[in-house]
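A.B. asks: A structural model of the following input is requested.
(one chain, ligands or ions: 2)
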Amino acid sequence: MMLTFDNVEFHYPNQPVFRNLNLELNYGEFTFVIGKSGIGKSTLMQLVYLNLFPISGTVKIAEFDSQTIKSSQIPLLRRKIGVIFQDFKLLPDRNVFQNLAYVLKVTNSSSKDMKKKINDVLNEVGLFHKRFNKPDELSGGEQQRVAIARAIINDPILVLADEPTGNLDPETSGEILALLKKINKQGTAVLVVTHNYELVKKANERIIKLDDGRAMKAVIKQKTEI
Ligand SMILES: Nc1ncnc2c1ncn2[C@@H]1O[C@H](COP(=O)(O)OP(=O)(O)O)[C@@H](O)[C@H]1O
Ligand SMILES: [Mg+2]
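C.D. replies: Residues are numbered from 1 along each chain as shown. Ligands and ions are numbered 1, 2, ... in the order given. Predicted structure coming up:
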């Protein structure tokens with residue numbers, strides 16, 4: 001398994017979220033996590049990249065384990081995970097190329113390698129021609145493509161997408177989902193968290209449903225053939 005939640009309990013100071021949460025994701029797998037607003041989807045994402053830690057139970061990802069990981073290893077873990085958000089979270093004062101260069105800087109690549117990597121991912125998401133535009137000169141769908149390029153540029157084992165189509169119209173949402181599927185076909189596991197059931201229904205991929213009743217129940221796992 002690439003990712004395992006083993007009896008995970010999590011709560012905020014005055015807000016229970018998960019109790020006995022179990023789930024598994026294999027290398028190369030595509031999975032949706034669905035559930036209504038406030039159920040804990042964004043919390044789940046943060047538990048994966050260890051922005052939050054379980055109160056009890058364990059999150060395991062690749063060779064890392066939430067119970068034993070050292071703080072010095074957390075950047076290594078995060079480099080294996082690309083994250084995409086509903087609101088894109090691009091740097092507004094930098095163009096597309098610079099937004100991507102920003103995440104490569106931490107890895108000490110040479111400038112020639114950086115340029116090649118950036119151009120490659122921009123071709124991958126179909127935005128090479130917009131490389132010198134700033135985020136506010138792009139449509140929402142284009143901004144999300146840049147965010148996807150940023151998420152995959154360090155060759156992650158997993159892409160986490162938190163409501164990636166939440167700000168997009170249905171057609172653009174379909175295109176973003178198709179791009180995530182293409183990335184998955186190339187071998188990267190993808191976990192998409194969403195309350196957009198319409199999108200999920202069309203996709204014919206594995207679904208994990210966070211059950212109603214919040215933390216009081218564990219997750220229902222189901223494989224759909226819709
Ligand atoms: N930092 C926080 N402190 C306290 N409660 C929070 C915090 N973040 C989220 N919550 C609460 O935890 C629950 C789960 O939130 P979240 O994971 O954001 O849900 P979702 O992404 O499914 O909408 C909600 O009730 C939310 O209000
Ligand atoms: Mg959320």
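
A.B. asks: for ligand 2, what are the nearby residues on the protein?
C.D. replies: Residues of the chain lying close to ligand 2 by CB under 5 Å from the ion are 41-42. Any C-beta I mention is one placed from the backbone N, CA and C, and that applies to glycine too.

A.B. asks: and the longest helix for the chain?
C.D. replies: If you go by DSSP state H, the chain has its longest helix at helix 170-185.

A.B. asks: And the contacts of that one?
C.D. replies: Contacts with helix 170-185, where a contact means CB atoms under 8 Å, 6 or more residues apart in numbering, come from 28, 30, 124-125, 139-141, 144-145, 148, 152, 159, 161, 164-165, 168, 190, 192, 196, 198-199, 202-203.

A.B. asks: again, only using 7 Å
C.D. replies: 30, 125, 140-141, 144-145, 148, 152, 159, 161, 164-165, 168, 190, 192, 199, 203 (CB atoms under 7 Å, 6 or more residues apart in numbering).

A.B. asks: After it, which helix or strand is next? Please name it.
C.D. replies: strand 189-194 (DSSP states H and E).

A.B. asks: Spell out which parts of this protein neighbour ligand 1.
C.D. replies: Contact residues (CB under 6 Å from any ligand atom) of the chain with ligand 1: 12, 15, 17, 35, 37-43.

A.B. asks: In PyMOL, how would I select just the buried ones from the residues you listed?
C.D. replies: Only the buried entries of the residues of the chain next to ligand 1 go into this PyMOL selection, using 16 or more other CB atoms under 10 Å:
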select buried, resi 17+35+39+40+41+42+43
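
A.B. asks: Which of the residues of the chain next to ligand 1 fall in strands?
C.D. replies: 12, 15, 17 (DSSP state E).

A.B. asks: Considering these, which is situated nearest to residue 58?
C.D. replies: The closest of these to residue 58 turns out to be residue 17 (CB to CB; 16.2 Å).

A.B. asks: Please report how far that closest one lies from residue 162.
C.D. replies: Using CB to CB, to the nearest Å, residue 17 is found at 15 Å from residue 162.

A.B. asks: Would you map the helices across the protein?
C.D. replies: According to DSSP H, the helices that the chain contains are 41-48, 74-79, 96-105, 111-124, 140-152, 170-185, 197-203.

A.B. asks: Check the model's average confidence along the longest one for me.
C.D. replies: Spelled out, it's helix 170-185. Helix 170-185 shows a mean pLDDT of 96.

A.B. asks: The last one now?
C.D. replies: Throughout helix 197-203, pLDDT has a mean value of 84.

A.B. asks: Would you indicate which residues of it are buried?
C.D. replies: 199-200, 203.

A.B. asks: Would you mind listing where this structure has pLDDT under the threshold?
C.D. replies: Within the chain, the stretches with pLDDT under 70 are 106-107, 212-226.

A.B. asks: From the centroid of it, which residue is nearest?
C.D. replies: residue 160 (1.2 Å; CA atoms, centre = their mean).

A.B. asks: what bridges to that one?
C.D. replies: residue 83, residue 191 (DSSP bridges).

A.B. asks: so how far is ligand 2 from it?
C.D. replies: With the distance defined as CB to the ion, to the nearest Å, residue 160 ends up 12 Å from ligand 2.

A.B. asks: Just list the residues touching that residue, thanks.
C.D. replies: 45, 48-49, 81, 83-84, 191 are the contacts of residue 160 under CB under 7 Å, 6+ apart.
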